[in-house]
Structures are given as C-alpha cells and as structure tokens.
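Enquirer: Got a sequence here, can you model it:
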Amino acid sequence: FWVLFYGAATYGNAGFMREHMCKYICPYAQFQFVMFDRDTLNITYDRQRGEPRGPRRKIADPRAEGLGDCVDCSICVQVCPTGIDIRNGLQLECIGCAACIDACDQVMDKMEYPRGLIRYSTENAVDESLSRSEIIRRAARPRTLLYLAVFLAVSTATAWSLLNRVPLKVSVIRDRAVLSREAPDGSIENVFSLQLTNASEQARTYRVHVAGLPGLRLEEAHEIEAPPAGLGKAVLVLKVDPEAAPAGAHPIQITVE
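Expert: Numbering: from 1, shown residues only. This is a model prediction of the structure:
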C-alpha cells in the first residue's frame, strides 16, 4: 500500500503537476521571499552587461552593434524547470536550481565572452558593481543577524529537548463504569487502565507506584514489560481503607519508573 501510495504521490507531484507544484503548492517559495532583500544572495541576471540583448554572429563586435552580451538564445528559459525567464528579474517561481547559470555559461564559452552573465549575486551588487568582498561585508546586517539569532535559539531549544527527552509516554484512563466501589475486604477501590509507550530502542521494564492518599495501595505490584518502540498495558486496581481516607474526590499520583 505505502509503495503504491508514495509512488503515486511522487508521480503526481513530479511527473504530472511538475512546475505547478513549485508555483502554487510548495510553501517554500512563499516564505522564502518574505525573508529576501536587495542584499540577499540569489540567482541574478546582470542587466547592465547583458542588455540590450539580441542575436549576432560569433565574430561580430557586440559593442559596435549596440548589443550587450546576451545573445537572446532563450536557453536559460528552456532549461528552467518552472519556465520562468530569469532575465525579467527574480521571481517567486525560482527554485534556485541554477540550471540557467550552467546553460548561460556554456553559451558564453561558445561565444568567447566572460562567464557570469547569470550568476549568484545580489541585486545591489549587480546594480552597483560591487566586488565579492563588498558582498560578503554586507552579509552582516540586522536582518541576517536577527535570522541567525532565531536559528541559534531554535537549534538550541531543539537540542535541549532531544537531550532531555523522556522516552516514555503514559496514558491512564479510569474505569468509567463506576466512580468507586467497595471491595470484599471492606476497602474502597478504583480501577484504571494504564498504557505505556516505550519510545526507546531497547526493551524496558517499568514499575508502578501510587501516592496521594493515606494508605493508598495497589492491589498487586506491577512490573510492565514493553518491547522496543512498543506498548505495555496493565489494569491497576487502587485501594484505600475508608477510615484512612477523607470523604469526597481526591487527586492521586501514579508514578511510572
């Protein structure tokens, strides 16, 4: 079932919906662009160098013909999995695969022009012709420092929660038939169903203790076996002498160790 399910889902997403999955369904692009600014490193088309675009012969001087380095071959559009034209600027549908960079560099090599007409850069770097060192210096700005602080806080909290995770889940359900009942020996008893989930990769043995009322006791001692990543179950019968316990409802504690 699961092989067929995931096979069908993979075909539906990657084979049938294709670029529509990236454009309209995948949440990555939606929140990614909220975090962008003009100094964010992304795939960028150098308009100052490439425009005006147009076809030309390889031996022609593009400057003499009033052209930029872009030969308007549209290969960057053809290789884009979402079908966008990166020359129109950064767009929501861009998934950052860099296929357009590779395709454009191959064309530049054939035309014997410098690589990097489409490259990883920032909008400010392209507009202001910034050097690589200037791009790196601009990386340390309030926005990125805030993101770094949030990332470190989340990473620290995640690591702490994993290190302090208790590999045990306990579920206790009281018998709904009656609130309490009188046992043959004259004590008052309640019945509880106990289910343990062993979240570790080793078999475990758990002991159960009760407290909260004077003289509260289990009818019999319980040691519950639970397999690795498995369940352990038991029925707990709790008793208390009516003389030792005050009237009314009272909280109790069930401890599993």
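Enquirer: This structure: helices as residue ranges?
Expert: Assigned by DSSP state H, the chain shows helices spanning 2-10, 19-20, 28-34, 47-50, 75-78, 99-111, 123-128, 132-137, 142-163.
Enquirer: would you turn the ones you listed into TSV with distance to Val235 and mean neighbour count?
Expert: To be clear about C-beta, it is placed using only N, CA and C from the backbone, and glycine gets the same treatment. Shown next, in TSV, are the helices of the chain (distance: least, Cβ to Cβ, whole Å; neighbours: other Cβ atoms under 10 Å):
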stretch	distance to Val235	mean neighbour count
helix 2-10	34	9
helix 19-20	54	14
helix 28-34	49	12
helix 47-50	75	15
helix 75-78	68	16
helix 99-111	62	17
helix 123-128	67	16
helix 132-137	66	11
helix 142-163	33	10
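Enquirer: which of those helices has the lowest average pLDDT?
Expert: Mean pLDDT is lowest for helix 28-34 out of the helices of the chain, coming in at a mean of 76.
Enquirer: Against Val172, how distant is the closest residue to Leu130 other than its chain neighbours?
Expert: Excluding the flanking residues, the one nearest Leu130 by Cβ to Cβ, 6 or more residues apart in numbering is Asn124, at 6.6 Å. Asn124 is 60 Å from Val172, where distance means Cβ to Cβ, to the nearest Å.
Enquirer: same question, Gln91
Expert: 55 Å.
Enquirer: Likewise for Ser121?
Expert: Counting by Cβ to Cβ - Ser121 and Val172 are separated by 60 Å.
Enquirer: Among the two, which residue is more densely surrounded?
Expert: Ranked by neighbour count (other Cβ atoms under 10 Å), Ser121 and Val172 place Ser121 first, with 18 against 13.
Enquirer: give the contact list for that one.
Expert: Going by Cβ atoms under 8 Å, 6 or more residues apart in numbering, Ser121 touches 41-42, 44, 46, 135.
Enquirer: List just the nearest of those to Phe1.
Expert: Using Cβ to Cβ, Asn42 is the member of those that lies nearest Phe1, at 40.8 Å.
Enquirer: dump the residue contacts of the closest one.
Expert: 36, 90, 94, 96, 120-122.
Enquirer: Report the buried members of those.
Expert: Neighbour counting with 16 or more other Cβ atoms under 10 Å marks 90, 94, 121-122 as buried within the contacts of Asn42.
Enquirer: Make CSV out of the residues you listed and add distance to Glu65.
Expert: Output for the buried ones among the contacts of Asn42, formatted as CSV (distance: Cβ to Cβ, whole Å):
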residue, distance to Glu65
Leu90, 29
Cys94, 31
Ser121, 26
Thr122, 30
